[in-house]
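In: Compute the structure for the input listed below.
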Amino acid sequence: MSPIVCARHLTKDYGPRRAVKQISFTVARGARFGLLGPNGAGKSTTLRMIACRIPPTSGELSVNGLDARRDAKRIRAQLGFVPQENNLDPDLSVIQNLLAYARYFHLHPHTARERAAKLLHFLALEDYRNARVETLSGGLKRRLVIARALINRPHLLILDEPTAGLDPHVRQQIWNMLDRLCRLEQLTLLISTHYMDEAERLCDQLLIMDQGRIVASGNPRQLVAQRFPPYALEVRHADAIPSPNARVIRRADTHIYFASTPEELAPIIRSYPPHYTLLRPANLEDLFLELIGPHFDEECAP
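Out: Numbers count the residues shown, from 1 in each chain. The predicted structure follows:
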């Protein structure tokens with residue numbers, strides 16, 4: 001089966017600044033695909049090119065078999081796009097925002113009302129059907145933006161920083177809704193984020209980007225396993241001690257020991273007061289900071 005997104009040497013310039021630098025990747029149909037990186041990495045620019053909001057400067061880009069330059073209008077009709085900002089119409093109610101957006105896709109009014117009702121139910125917005133947008137919380141507005149992006153029953157749902165600025169419990173609610181959406185609708189999800197937990201929770205494939213380039217790609221857990229043993233011990237506010245069985249990295253005032261088993265870390269744990277240590281799995285943040293920074297990370301000699 002052909003990929004739903006295919007990019008070859010994709011590049012985007014803003015005047016003299018090159019925001020995306022000849023990146024190549026594919027997104028399989030039905031995947032939950034993430035772009036992870038710091039602010040300014042080129043994630044949002046890449047998503048906006050895929051969503052045909054901006055044209056590429058050079059390179060090749062196809063979405064669902066259509067060329068992003070020649071067929072931008074047809075591509076936009078087949079996807080849903082959730083931008084970073086909640087760009088809803090504040091003068092309209094929740095249901096009116098959905099019905100107004102449905103007109104862009106020339107949906108019959110009866111079909112639009114049916115779809116809107118189902119989306120309000122699915123995203124737990126029924127109680128707010130007639131509420132004005134300006135009265136909604138940030139989490140409710142985010143749900144409404146997602147509902148709006150689904151009104152045309154897209155093949156591909158693109159979400160740019162879908163939970164930025166939201167409380168942890170609201171983020172969990174949106175993650176659960178996106179999980180349900182994938183199971184029920186068999187959508188392809190394409191997500192940009194700078195949250196490590198969001199990337200691990202939602203994505204089965206990742207591109208890690210920095211300064212417009214791809215620095216790593218693959219399954220999140222496999223990427224971590226390729227570079228780190230499975231267990232990590234954080235030791236805060238203390239000097240490192242030699243350990244023949246562990247790799248040690250210093251990160252600011254914390255030393256992190258990586259080993260294959262907790263037993264290999266046990267002698268180190270016993271060397272420090274309990275409140276100095278934290279035993280945890282190696283995670284995506286360890287990989288991210290190794291690939292991208294910060295510059296104060298140092299490999300420590302045993």
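
In: Next up, the contacts around residue 258.
Out: 228, 229, 231, 232, 233, 246, 247, 248, 249, 282, 286 (C-beta atoms under 8 Å, 6 or more residues apart in numbering). Yep, even glycine has a C-beta here, placed from its N, CA and C like the rest.

In: quick one: which of the residues you listed is nearest to residue 86?
Out: Of all the contacts of residue 258, residue 86 sits closest to residue 286, with 32.6 Å by C-beta to C-beta.

In: Give me the distance from the helix or strand in which the closest one is found to the chain's centre.
Out: Residue 286 belongs to helix 284-292 when assigned by DSSP states H and E. From the chain centre to the centre of helix 284-292 is a distance of 15 Å (C-alpha atoms, centre = their mean, to the nearest Å).

In: Okay, buried residues for it please.
Out: Neighbour counts over helix 284-292 (16 or more other C-beta atoms under 10 Å) mark 284, 286, 287, 288, 289, 291, 292 as buried.

In: Which single one of those is nearest to residue 16?
Out: residue 292 (23.7 Å).

In: So for that closest one, what's the nearest residue that isn't a sequence neighbour?
Out: residue 210 (4.8 Å; C-beta to C-beta, 6 or more residues apart in numbering).

In: re earlier: let me know the closest of the contacts of residue 258 to residue 274.
Out: residue 233 (12.3 Å).

In: Can you classify that closest one by secondary structure?
Out: Counting by DSSP: H, G, I helix; E, B strand; the rest coil, the backbone at residue 233 sits in strand.

In: what sits against it?
Out: Residue 233 neighbours (C-beta under 8 Å, 6+ apart): 246, 256, 257, 258, 259, 265, 268, 269, 277, 278, 279, 280.

In: And for residue 105?
Out: Residue 105 neighbours (C-beta under 8 Å, 6+ apart): 77, 151, 152.

In: Any chance of JSON lines for these, columns secondary structure and neighbour count?
Out: What follows is the contacts of residue 105, written out as JSON lines (DSSP: H, G, I helix; E, B strand; the rest coil; neighbours: other C-beta atoms under 10 Å):
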{"residue": "77", "secondary structure": "helix", "neighbour count": "14"}
{"residue": "151", "secondary structure": "coil", "neighbour count": "24"}
{"residue": "152", "secondary structure": "coil", "neighbour count": "20"}
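
In: Can you lay out those as CSV showing distance to residue 57 and pLDDT?
Out: Formatted as CSV, the contacts of residue 105 follow (distance: C-beta to C-beta, whole Å; pLDDT from 0 to 100):
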residue, distance to residue 57, pLDDT
77, 24, 94
151, 31, 96
152, 28, 95
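
In: Okay, now the sheet partners of the helix or strand harbouring residue 216, with direction.
Out: Assigned by DSSP H and E, residue 216 falls within strand 213-218. Strand 213-218 sits in its sheet next to strand 205-210 (antiparallel), going by DSSP bridges.

In: A strand includes residue 23, no?
Out: Yes. If the criterion is three-state DSSP, then residue 23 is within a strand.

In: got a list of what it touches?
Out: By C-beta under 8 Å, 6+ apart, the contact set of residue 23 is 7, 9, 10, 11, 42, 46, 207, 209, 212, 213, 214.

In: 6 Å instead, please
Out: The neighbours of residue 23, taking C-beta atoms under 6 Å, 6 or more residues apart in numbering as the test, are 10, 214.

In: Domain-wise, how is the chain divided?
Out: 5-218, 228-300 (automatic domain parsing).

In: so of the ones you listed, which one's packed in deepest?
Out: Among the domains of the chain, ranked by average contacts under mean count of other C-beta atoms under 10 Å, first place goes to domain 5-218 (a mean of 18).
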